[in-house]
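Visitor: this is a predicted model, with the sequence first.
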Amino acid sequence: MTLTGSIDTIVAVATPPGQGGVAIVRLSGPESRAVLRRLFRPTRPDFKDFRPSTLHHGHVLDAAGVILDEVLAVFMPGPGSFTGEDTAEIHCHGGLALPGAVLAECCRQGARPARRGEFSYRAWRNGRLDLTQAEAVAEAIAAPTRAAAQLAQVKLSGVLGRRVAALRAELEELKAQLCLAVDFPEEDVDCLPPDRLAEVVERGLAALDALLAGVERTRAWREGALAVLRGRVNAGKSSLLNALAGRERAIVTDIPGTTRDWLEELLDLDGLPVRLVDTAGLRRTESPVERAGLERAGELARGADLVLFVVGGDAPLSDEERQAADELSAERTLVVVNKDDLPRVEPWPGTELADRFEVAAVSARTGAGLEALAARLRERLAASTPEPEPDTVAPNLRQAEALRRARAELAELAVDAAGGLPYDLLGVRLDAACAILAEITGEIAAQDVLEAIFNRFCIGK
């Protein structure tokens, strides 16, 4: 999408495609009301015009005057609408045909199809949202769990933008004092004592550290904790993935090496999103494809929040399993003995590994032990990443990267100031920090950055 400053009237279906009871066709721009009036025929004989923010019952007609659908229509004048412009919505029946037909009639009456994220872009452009709030809209839509949605709602309320703006305002004030000290060096009044400079910079660093602390503290709740299934071939890793996911996600066969690449499934464990990854099974192989899969599995396991080391309860531990177990840490490993519906062998793998790891016995085939395993999986993952408080501010990756850059500038400024550098040189660092903070809220934003952000939105939002 190429973002522009045009003020034409756009239209899109704001609800997901497919069968459903209601679909919403949304218009925004100066001709929204006129387009709606040309399409809409009210049911009430005394209808004279649209009352703002009031649903009106009627029908949408095509160019030939044929009824397309029975609808509810609403007009919301700017600047109080979501986009800050005149906005209209047509609530028609859902399905494959009707929303598209209503959309096509809106286009015939002068609107044009909206681009990805164009409604939210207009809200940002018209000052209804700052850039952190606009991004929070997309994050709320994509939130995999209620906790992730709550984190998005906090940012949508504007908390992050206000905290960044407050910090920037303090640094801008410091910059003004630096300029005063540079421009009037002979004045008797000390415009900016060094201890005052150090105090403001230290306070800025603390504020940035507080925001950055929320990034890692909420990572699992925003992106999903990473749990990796590790184990020998045919231990039942893929069956366990399917059982925990509740659907046939992985191919399960008796042929060794069926899983050569990794498969990922997102689970919702009582509000905690978990990325459960099935990896290639441990075994000696001459296949370069399988070896690559095994190497990738090892990398994933080393970066996982928790490794589910799956062994079969119907066979003793192999040399490959013992070697793999030696490479795992107890703090980040949960041993899962699968196939517990079959007779246990002696020595039972669970007994051999219990002196080093926590052990859970399950049967992916019958479902025995799965609920207890899921509960324990959540407990282990949540122990290192406690559920965030309702008012927790969680910057996303773009915002966190900018916060780190701003912090680096302030840290260097503190070093330079302690080293006695002139105020005019210190001002360069301060300028850079303020500009970076302005990037976060969108007061300064490059076109390619804006397009990268809003292109991730769905059409209609």
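Guide: It's in. Numbering: from 1, shown residues only.
Visitor: who's in contact with the residue nearest to residue 194 when sequence neighbours are not counted?
Guide: Excluding the flanking residues, the one nearest residue 194 by Cβ to Cβ, 6 or more residues apart in numbering is residue 417, at 6.7 Å. Bear in mind the C-beta positions are built from the backbone N, C-alpha and C, glycine included. Residues near residue 417 by Cβ atoms under 8 Å, 6 or more residues apart in numbering: 194, 197, 198, 201, 426.
Visitor: from residue 171, how far off is residue 417?
Guide: Per Cβ to Cβ, to the nearest Å, residue 417 is found 13 Å from residue 171.
Visitor: on that earlier part again, sec struct for the residue nearest to residue 194, please.
Guide: What DSSP: H, G, I helix; E, B strand; the rest coil gives for residue 417 is helix.
Visitor: try residue 75
Guide: Of the three states, residue 75 takes strand under three-state DSSP.
Visitor: report the contact partners of it.
Guide: 32, 33, 36, 50, 51, 52, 53, 86, 87, 88.
Visitor: if we can go back for a sec, pLDDT at the residue nearest to residue 194, what is it?
Guide: With respect to pLDDT, residue 417 has a value of 87.
Visitor: same check on residue 344?
Guide: As summarised for this prediction, residue 344 has a pLDDT of 91.
Visitor: which SSE is it in?
Guide: Secondary structure from DSSP states H and E places residue 344 outside every helix and strand.
Visitor: and it, how far from residue 311?
Guide: Distance, residue 344 to residue 311, by Cβ to Cβ: 12 Å.
Visitor: sketch out the low-pLDDT regions of the stretch 151-300 of the chain for me.
Guide: Scanning the stretch 151-300 of the chain for pLDDT under 70 picks out 181-191, 247-262, 283-295, 297-298.
Visitor: tell me where it has strands.
Guide: Here the stretch 151-300 of the chain has its strands, by DSSP state E, counting those that start in this stretch, at 225-231, 263-269, 272-278.
Visitor: any idea which of those is most buried?
Guide: strand 225-231 (a mean of 25; mean count of other Cβ atoms under 10 Å).
Visitor: alpha carbons only: can I get that strand in CSV?
Guide: Extracted in CSV, the C-alpha atoms of strand 225-231 (Å, rounded to 0.1, in the frame of the first residue of the first chain):
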residue,chain,number,x,y,z
ALA,A,225,6.0,-18.9,25.3
LEU,A,226,8.1,-21.4,23.3
ALA,A,227,7.8,-25.1,24.2
VAL,A,228,9.8,-27.5,22.1
LEU,A,229,9.1,-31.3,21.7
ARG,A,230,12.4,-33.2,21.7
GLY,A,231,12.9,-36.9,21.5
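Visitor: ok, and what's touching it?
Guide: With contact meaning Cβ under 8 Å, 6+ apart, strand 225-231 is reached by 237, 240-241, 272-279, 281-282, 297, 300-301, 303-311, 321, 324, 328, 377, 381, 385.
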